[in-house]
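A.B. asks: Please work out how this folds:
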Amino acid sequence: MRTILITGVNSNMGKHVAKELSKDYKIIGMGRTNPNIKKIRFIKFDLRRSIPKTKVDVVIHLASLTRICETNPELAYEVNVDGTRKLIKSVGNAKFIYISTGSVYGFSNKILSEEDIPKPHNVYANTKYNAELLLKNHKNYCILRLFAPYGLPMKEKSAINRTAYNINKIIKINPIHIFDFVRLLKIIIEKDNLEKVYNVAGEEVVGTKNKNSKDMIADISRLKTIGFKQKIYLKEGLKEVLKWK
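C.D. replies: Next comes the predicted model:
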C-alpha cells in the first residue's frame, strides 16, 4: 500500500481528501492542529519552521495561506513559497502533487489553457505561481491548477459556494465538485508519465458577465486525456450547497 503525505490536513478540503484517500492508501497528515481522523497518522507542523525528512511515496501539498495574503504579503511568501521549498527538500524523490490555483492566469476574456503564460493578479496567486516554479528541479511532480472547487465539505464562503447564492452576480467560471476533485487525485497518484501541469475544473460554465471584470474559464481538454470524467454536475452539486445553507 502506498504511503501518502497530505499537508493542510486540518483544512476543510484537507480533511475530506484525507478521509477519502485513507480508504485506499496509508495517510500521513500534516497540519497545525490535529483533525482527529481515523486511520490517519498526524504530524504537527508549521511551514514556517524546519520540516523533518519524511519517507513517503506521494505528497499532496494542500497547505497554504489564502485570505491574509493581501494584507500580509511577507508572511504569505514565507509560508506559501519558502514553506513549499522546505517541503520539497524534505520528501526526497516522492511524487509531488502541488495543488495550485487557476488564479495564476489572472482574469481573461478567453478560455485559459496550460500553455498560457501565467499573469497572477494578486499576492496569493503570485505566491502559488512562485511555488510552482520551485518544482522544476524535482524529478517527479504534477501541478493541479484548481478552479473554484465547491461542495459541502468546503467552507460556505468558498468562491463557488458563494456562487450558489449569487448566481447572476459573478464572473463566468467552470467549477468542480470536491468529490470529483478527489477522484482526480486518485488518477494522478496512480498514473505515470503525466504532463507537468493540469487545469482542474468542470465541464459546465456558470455565472454571467460582470462588466467590471473578465472571466476565469479553464480549458480542460488536457485533463480528459488521462481518463478523468466529471460525475457531479452543477444541477446536482449546487442543489446540495443551497440545501446546506
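A.B. asks: all contacts plus neighbour counts: C-alpha atoms, from now on.
C.D. replies: Fine.
A.B. asks: What segments of the protein are strands?
C.D. replies: For the chain, strands defined by DSSP state E occupy the ranges 3-7, 26-31, 40-44, 58-61, 95-101, 141-146, 149-150, 176-177, 197-200.
A.B. asks: where among those is the average confidence lowest?
C.D. replies: The weakest mean pLDDT among the strands of the chain belongs to strand 149-150, with a mean of 86.
A.B. asks: Compute the distance from the centre of it to the centre of its chain.
C.D. replies: Here the centre of strand 149-150 is set off from its chain's centre by 10 Å, with Cα atoms, centre = their mean, to the nearest Å.
A.B. asks: swap in stretch 227-239?
C.D. replies: How far stretch 227-239 lies from its chain's middle: 17 Å, per Cα atoms, centre = their mean.
A.B. asks: And for it, what's in contact with it?
C.D. replies: Contacts of stretch 227-239 with the rest of the structure, by Cα atoms under 8 Å, 6 or more residues apart in numbering, involve 151, 161, 164, 177, 179-180, 184, 187, 202-204.
A.B. asks: okay if I get the residues you listed as JSON lines plus distance to R222 and neighbour count?
C.D. replies: Formatted as JSON lines, the contacts of stretch 227-239 follow (distance: Cα to Cα, whole Å; neighbours: other Cα atoms under 10 Å):
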{"residue": "G151", "distance to R222": "24", "neighbour count": "24"}
{"residue": "N161", "distance to R222": "26", "neighbour count": "25"}
{"residue": "A164", "distance to R222": "27", "neighbour count": "21"}
{"residue": "H177", "distance to R222": "18", "neighbour count": "25"}
{"residue": "F179", "distance to R222": "20", "neighbour count": "20"}
{"residue": "D180", "distance to R222": "16", "neighbour count": "21"}
{"residue": "L184", "distance to R222": "13", "neighbour count": "19"}
{"residue": "I187", "distance to R222": "14", "neighbour count": "13"}
{"residue": "G202", "distance to R222": "13", "neighbour count": "27"}
{"residue": "E203", "distance to R222": "12", "neighbour count": "18"}
{"residue": "E204", "distance to R222": "16", "neighbour count": "13"}
